[in-house]
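A.B. asks: sequence isn't available, so here's the structure alone:
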């Protein structure tokens, strides 16, 4: 297939500033969202006063906390998406970052599991909102021809943030788990820069002035938009449930292997950090590969093939019993497939009208978190009957189903 070469426009100072602001928001998203995942078993065991991290209560409460985080993420996408369509992208972006920075830091002060649940829930409101607002900000300020590559760059921001969290845990394995949450306060300091340097997009400003009646969430289920809303919600729900079940439970699988049973807690945390680093590090390459696929075949086909790649990766990784060394080689294969999540960043916003853009993108993408939250709890119940490996293997079926629905997603116009 012949690829047309198009001269790329020169970026303005305003576009660079909006890009930097969004990338930093994504970076700290990745950092704050995975600090808990890396220390979940240890911290929850401390909060409920049990010595054994494999205690069923640790699995139960840690899954509830993670579920609350995913629900908060979903609600945040809708709430801050609505705020972004009303108040503006730059203002809403500042609010989202401040929210997740403050409440991630407050997790340091949790002394019961339910306190941690509340702090993680509110922090997730900001993280979910930042995705919707940041995606719309860039879709309205950067050239359309850049969108697939912007998606890869933004998703890389998340990956780098996760890598930073992994590096911190790996470098300080003996640090009490509650102290890692203090790192999550750092994003608060970029809010001042955003408010001073990132103006509202002209497209939003003009549409806001011209509008007499502003659309709301109900409008996502009216007219031609309804079909798009339903399909994107289904695809996002299935893929996000599979990804979050994998990201939350594969560290537990690693720590439950017979080969590492006699390892110290610090050694186990280093193993988990190493695995996370490999998964997330190679996913950066996956971001650009997925963007290349979208550039050639379009977003819909790229998402379809990405879902099928996930299925193959789960079968290859968990289809047989593997030790820690073997898993460290195969887990990154799943990480490479996660590049499709970056595509949603630039694919979803243009599907909706300007004043429904952050609401639509935030709702459709982040509502999948609620399904993922339910999936996390169901997964914990399922683990009572099967081991981690077989349960993780079953996750591949979610991506197979997502691939079917992805075939019916709308295609954007050429150049978008």
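C.D. replies: Ah, there it is. Computed from a predicted model, the values in this text were never measured in an experiment.
A.B. asks: host element of residue 365?
C.D. replies: Assigned by DSSP states H and E, residue 365 falls within helix 357-382.
A.B. asks: and the contacts of the next helix or strand along the chain from that helix?
C.D. replies: Counting by DSSP H and E, the next helix or strand C-terminal to helix 357-382 is helix 388-394. Residues from elsewhere that reach helix 388-394 (C-beta atoms under 8 Å, 6 or more residues apart in numbering): 245-246, 249-250, 252-253, 256, 314-315, 317-319, 321-322, 379, 382-383. Bear in mind the C-beta positions are built from the backbone N, C-alpha and C, glycine included.
A.B. asks: which parts of helix 388-394 are buried?
C.D. replies: By 16 or more other C-beta atoms under 10 Å, the buried positions in helix 388-394 come out as 388, 389, 391, 392, 393.
A.B. asks: pLDDT and distance to residue 330 added to these, as TSV?
C.D. replies: What follows is those, written out as TSV (pLDDT from 0 to 100; distance: C-beta to C-beta, whole Å):
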residue	pLDDT	distance to residue 330
388	79	14
389	84	12
391	81	16
392	86	11
393	87	12
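A.B. asks: need the residues you listed in a markdown table (columns: distance to residue 280).
C.D. replies: Formatted as a markdown table, the buried residues of helix 388-394 follow (distance: C-beta to C-beta, whole Å):
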| residue | distance to residue 280 |
| --- | --- |
| 388 | 20 |
| 389 | 21 |
| 391 | 22 |
| 392 | 17 |
| 393 | 21 |
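A.B. asks: which residues in the stretch 151-300 of the chain form helices?
C.D. replies: All helices of the stretch 151-300 of the chain, identified by DSSP state H, counting those that start in this stretch, fall at 191-197, 202-210, 225-256, 265-297, 299-318.
A.B. asks: need the ones you listed in JSON lines (columns: mean neighbour count, mean pLDDT and distance to residue 333).
C.D. replies: Formatted as JSON lines, the helices of the stretch 151-300 of the chain follow (neighbours: other C-beta atoms under 10 Å; pLDDT from 0 to 100; distance: least, C-beta to C-beta, whole Å):
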{"stretch": "helix 191-197", "mean neighbour count": "14", "mean pLDDT": "77", "distance to residue 333": "37"}
{"stretch": "helix 202-210", "mean neighbour count": "14", "mean pLDDT": "77", "distance to residue 333": "40"}
{"stretch": "helix 225-256", "mean neighbour count": "22", "mean pLDDT": "87", "distance to residue 333": "12"}
{"stretch": "helix 265-297", "mean neighbour count": "20", "mean pLDDT": "88", "distance to residue 333": "8"}
{"stretch": "helix 299-318", "mean neighbour count": "21", "mean pLDDT": "95", "distance to residue 333": "5"}
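A.B. asks: which SS state does residue 106 fall under?
C.D. replies: helix (DSSP: H, G, I helix; E, B strand; the rest coil).
A.B. asks: burial check on it, number of neighbours?
C.D. replies: As a burial measure, residue 106 scores 19 neighbours (other C-beta atoms under 10 Å).
A.B. asks: low-confidence ranges in the stretch 51-200 of the chain?
C.D. replies: Applying pLDDT under 70 to the stretch 51-200 of the chain picks out no residues at all.
A.B. asks: report the separation between residue 220 and residue 240.
C.D. replies: Per C-beta to C-beta, to the nearest Å, residue 220 is found 18 Å from residue 240.
A.B. asks: surely residue 396 meets residue 309?
C.D. replies: No: assessed by C-beta atoms under 8 Å, residue 396 is found out of contact with residue 309, at 10.6 Å.
A.B. asks: the longest helix in the chain is where?
C.D. replies: helix 13-47 (DSSP state H).
A.B. asks: just checking, what packs against the helix or strand following it?
C.D. replies: Downstream of helix 13-47, the first helix or strand assigned by DSSP H and E is helix 56-87. Packed against helix 56-87 by the contact rule (3 or more C-beta pairs under 8 Å, 6 or more residues apart in numbering; DSSP states H and E) you find helix 13-47, helix 89-106, helix 113-141, helix 225-256, helix 357-382.
A.B. asks: ok, and for helix 56-87, which residues are buried?
C.D. replies: So for helix 56-87, counting by 16+ other C-beta under 10 Å, buried means 58-85, 87.
A.B. asks: also stretch 108-117?
C.D. replies: Along stretch 108-117, these residues count as buried under the neighbour rule (16+ other C-beta under 10 Å): 108, 110, 113, 116, 117.
A.B. asks: next one: stretch 83-101
C.D. replies: 83-85, 87-101.
A.B. asks: next: stretch 322-340.
C.D. replies: Going by neighbour count (16+ other C-beta under 10 Å), the buried part of stretch 322-340 is 322, 324, 327-328, 330-340.
A.B. asks: now do stretch 348-355
C.D. replies: 348, 349, 350, 351, 352, 354, 355.
A.B. asks: let's see the distance spanning it from one end to the other.
C.D. replies: End-to-end distance for stretch 348-355: 14 Å, by C-alpha to C-alpha, to the nearest Å.
A.B. asks: what's it in contact with?
C.D. replies: For stretch 348-355, the external contacting residues (C-beta under 8 Å, 6+ apart) are 85, 135-136, 139-140, 203-204, 207-208, 211, 214-215, 220, 225, 228, 232, 357-361, 364-365, 410, 412, 416.
A.B. asks: residues near the residue nearest to residue 72 when sequence neighbours are not counted, how many?
C.D. replies: Nearest residue to residue 72, sequence neighbours excluded (C-beta to C-beta, 6 or more residues apart in numbering): residue 124, at 3.1 Å. Look at residue 124: counted by other C-beta under 10 Å, it has 30 neighbours.
A.B. asks: correct me if wrong: residue 124 contacts residue 67.
C.D. replies: No: if you go by C-beta under 8 Å, residue 124 and residue 67 don't touch, sitting 10.5 Å apart.
A.B. asks: now do the contacts for the closest residue to residue 243 other than its chain neighbours.
C.D. replies: Excluding its sequence neighbours, the residue lying closest to residue 243 (C-beta to C-beta, 6+ apart) is residue 338, at 6.4 Å. Going by C-beta under 8 Å, 6+ apart, residue 338 touches 243, 283, 286.
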